[in-house]
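Just the structure for this:
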Amino acid sequence: MSSERSKAVSQDKSPSLTAYVAEFIVATQSSAIPAEVMHLGKRSILDGIGLALAGNAAESGHIVRTYLKSLGIPTDKGATVIGTGMKVPVRFAAFANGIAIHADDYDDTQLAVAKDRVYGLLTHPTAPALPPVLALGERDNRSGRDVLTAYQIAVEVETKVSEAINPRHYDDGFHSTATIGAIAAAAGASRMLGLNMEQTRRALGIGASQSAGLRENFGTMTKPFHPGRSAESGIVAAEFARLGWTATPIVLEANRGFFKAAGGGYDPQAIEGKLGNPWTFAFPGVSIKPHPSGSLTHPGMGLMLDLIRQHDIKPGQVVRVRVGTNRHMPNALIHHRPENELQAKFSMEFCMAILLLERKAGLAEFTDKVVNRPDVKRMIAKIEFGVHPEAEAAGYEKMTTLIDIELTDGRKISGRADFGKGSPANPMSDQELADKFRECAAWGRLPKANAEKVVDLVLNLEKVKSIRELTRLLAIGGAGAKAKKKTAARTNVKKY
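All right, here's what the predicted structure looks like:
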């Protein structure tokens, strides 16, 4: 134990979990992070940047920019709002970019270790963790290695806190990407600002006190609002701590602290001594999505696509489709008859139906116009989604999905999948990931030449001397008007 941590422990008269987390934030050196973990982190950063480009072209991005302009703050100084010509103070850049990364629900997802912590209980790591370190890095002209290291630390804190909290936290309605995201963002911002142990503990206390986000908002713009606010909250927490703002130094483990209040408790063995041991990117891993929908739909979507291709299933042949999962999955996939693109992202029925009709499900398929097509609604009516005993018995650390398809010629086609494409069990290649980035960049109207340079810079981020080399490629002049025009076709504003 370091002398600094020993001092922190002795001040509280007992071992402190928050002190352990703070020491990890302050003391971890980039050289201690394995090369493979660094590479996996760069993949998620590239993914997150692409999603911010696509997300800022959504109607939610237009609303955020309208709001920021209404504040009367300069919009040509500070940190970049990705995919636009705006620069704003770092807290607001983190807010806007956090929303954008999660806007299409296309962002990466943490896997679970314990069997009672279903995949969906955990976080989307990058949406709250990347925006604060990127914004601070741009403002303070930090190196790519600095930003990458702070991002890795933020994700590690986020995923281990999420793994540790009692599952009741998510089951009762909290959105962990929002709640735990605020703690992750505070960790990353603290590292970027060079806070000491005492300041970092206070920053965690301030961040945890801003923790909020309810799953009832899934299928609305407020779901991506969650990581945006978390990213902003992390910067506010760290900057206030640096100024001397006080907060409890034991916010995680205290009787009235985060774990007890938000979840009724936690599993110490899931976090104590576990930060960087192993790194979550190494085990159990982080999944990168091939489809812009809730992660719980992905095993079923991959399986359905395989069955369609293997058996050459035509839409007119489908009589009925049964989809079965564990009980946690319908608890999140709540929109059985979606009416817009955001609800469709949390509809197993839509995800199955669109694959049966189009054999693909990308950004172009998740639009209000497609969701409300008569043929889509007819196919949705043929999909039955519920709990299956085999999936329930498989363990909640998996997303086991069983599909049974009945065809007009009497055939019955079945299959099972535990994980989807993009998971560590079936990862996207670097090339597939780069292609996804290019899709998102094109959706956000980033020039092709810039997109190619971004891919190269991010995959070599530790060699970049100034993160501004990257952020200057992500600015698009006059993007507000362009995005507004583009998103009119994507989203019926009157519905929100």
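
CA only for contacts and neighbour counts going forward, please
Fine.

now the strands: where do they sit in the stretch 251-400 of the chain?
Taking DSSP state E, counting those that start in this stretch as the test, the strands found in the stretch 251-400 of the chain are 286-287, 318-325, 383-387.

Which stretches in the stretch 101-250 of the chain count as strands?
Read by DSSP E, counting those that start in this stretch, the stretch 101-250 of the chain holds these strands, from start to end of the chain: 109-110.

now the helices for it?
Taking DSSP state H, counting those that start in this stretch, the helices of the stretch 101-250 of the chain run over residues 126-139, 144-164, 168-171, 176-193, 197-209, 222-243.

per-stretch mean pLDDT over those, give me the minimum one.
Mean pLDDT values for the helices of the stretch 101-250 of the chain show the minimum at helix 168-171, a mean of 91.

Find the residue at the geometric middle of this structure.
The chain has residue 124 as the residue nearest its centroid, 2.7 Å off, counting by C-alpha atoms, centre = their mean.

ok, back up a step: so can I have TSV of the strands of the stretch 251-400 of the chain showing distance to residue 471 and mean pLDDT?
Converted to TSV, the strands of the stretch 251-400 of the chain look like this (distance: least, C-alpha to C-alpha, whole Å; pLDDT from 0 to 100):
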stretch	distance to residue 471	mean pLDDT
strand 286-287	24	94
strand 318-325	41	98
strand 383-387	43	97
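
State the number of residues packed around residue 254.
Other residues within reach of residue 254 by the criterion other C-alpha atoms under 10 Å amount to 17.

pretty sure it contacts residue 262?
No - look at residue 254 against residue 262 with C-alpha atoms under 8 Å: they stay out of range, at 11.7 Å.

In the stretch 1-150 of the chain, where is pLDDT below threshold?
The stretch 1-150 of the chain contains residues with pLDDT under 70 at 1-14, 118-121.

try it again with 90
1-15, 111-122 (pLDDT under 90).

coming back round to it: and the strands of the stretch 251-400 of the chain, which is most packed in?
For these, the stretch with the most neighbours on average is strand 286-287, a mean of 26; neighbours defined as mean count of other C-alpha atoms under 10 Å.

Each with direction, which strands does it pair with?
Within its sheet, strand 286-287 is paired with strand 109-110 (antiparallel), according to DSSP bridges.

Do me a favour and get the backbone dihedrals for residue 346.
Recorded main-chain torsions at residue 346 are phi -120, psi 40, according to degrees, to the nearest 10.

Pull the number of nearby residues for it.
26.

ok, it to residue 332 distance?
Distance, residue 346 to residue 332, using C-alpha to C-alpha, to the nearest Å: 7 Å.

which residues do those two both contact?
Common neighbours of residue 346 and residue 332, using C-alpha atoms under 8 Å, 6 or more residues apart in numbering, are residue 218.

Show me the one of the helices of the stretch 101-250 of the chain that comes nearest residue 29.
Relative to residue 29, the nearest member of the helices of the stretch 101-250 of the chain by C-alpha to C-alpha is helix 144-164, separated by 7.8 Å.

Just list what that closest one packs against, helices and strands only.
Applying 3 or more C-alpha pairs under 8 Å, 6 or more residues apart in numbering; DSSP states H and E, we find helix 144-164 packed against helix 17-27, helix 35-55, helix 126-139, helix 176-193.

mind putting those helices in JSON lines, mean neighbour count included?
As requested, the helices and strands packed on helix 144-164 are exported to JSON lines (neighbours: other C-alpha atoms under 10 Å):
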{"stretch": "helix 17-27", "mean neighbour count": "23"}
{"stretch": "helix 35-55", "mean neighbour count": "24"}
{"stretch": "helix 126-139", "mean neighbour count": "32"}
{"stretch": "helix 176-193", "mean neighbour count": "33"}
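
Quick check: which of those is nearest to residue 281?
Taking C-alpha to C-alpha as the criterion, helix 35-55 is the member of these that comes nearest to residue 281, at 5.7 Å.

which of the residues in the next helix or strand after that closest one are buried?
Once the chain leaves helix 35-55, the next helix or strand it forms, by DSSP states H and E, is helix 59-70. Using 16 or more other C-alpha atoms under 10 Å as the test for burial, helix 59-70 gives 59-62, 64-65, 68.

about what we covered before: out of the helices and strands packed on helix 144-164, which comes closest to residue 117?
helix 176-193 (11.9 Å).

which other helices and strands contact that closest one?
If contacts are counted by 3+ C-alpha pairs under 8 Å, 6+ apart, helix 176-193 sits against helix 17-27, helix 126-139, helix 144-164, helix 197-209, helix 222-243.

could you dump these to a markdown table with distance to residue 54?
What follows is the helices and strands packed on helix 176-193, written out as a markdown table (distance: least, C-alpha to C-alpha, whole Å):
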| stretch | distance to residue 54 |
| --- | --- |
| helix 17-27 | 31 |
| helix 126-139 | 13 |
| helix 144-164 | 21 |
| helix 197-209 | 28 |
| helix 222-243 | 13 |
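
For residue 50, which of those helices is the nearest?
Taking C-alpha to C-alpha, helix 126-139 is the member of the helices and strands packed on helix 176-193 nearest to residue 50, at 11.7 Å.

Any idea how far that closest one is from the middle of the chain?
For helix 126-139, the separation from the chain centroid amounts to 13 Å (computed by C-alpha atoms, centre = their mean, to the nearest Å).

cool, stretch 354-374 as well?
Going by C-alpha atoms, centre = their mean, the spacing between the C-alpha centre of stretch 354-374 and its chain's C-alpha centre is 22 Å.

give me phi/psi at the spatially closest residue to residue 73 that is not a sequence neighbour?
Leaving out its chain neighbours, the residue that sits closest to residue 73 by C-alpha to C-alpha, 6 or more residues apart in numbering is residue 88, at 7.4 Å. Main-chain torsions, residue 88, degrees, to the nearest 10: phi -140, psi 170.
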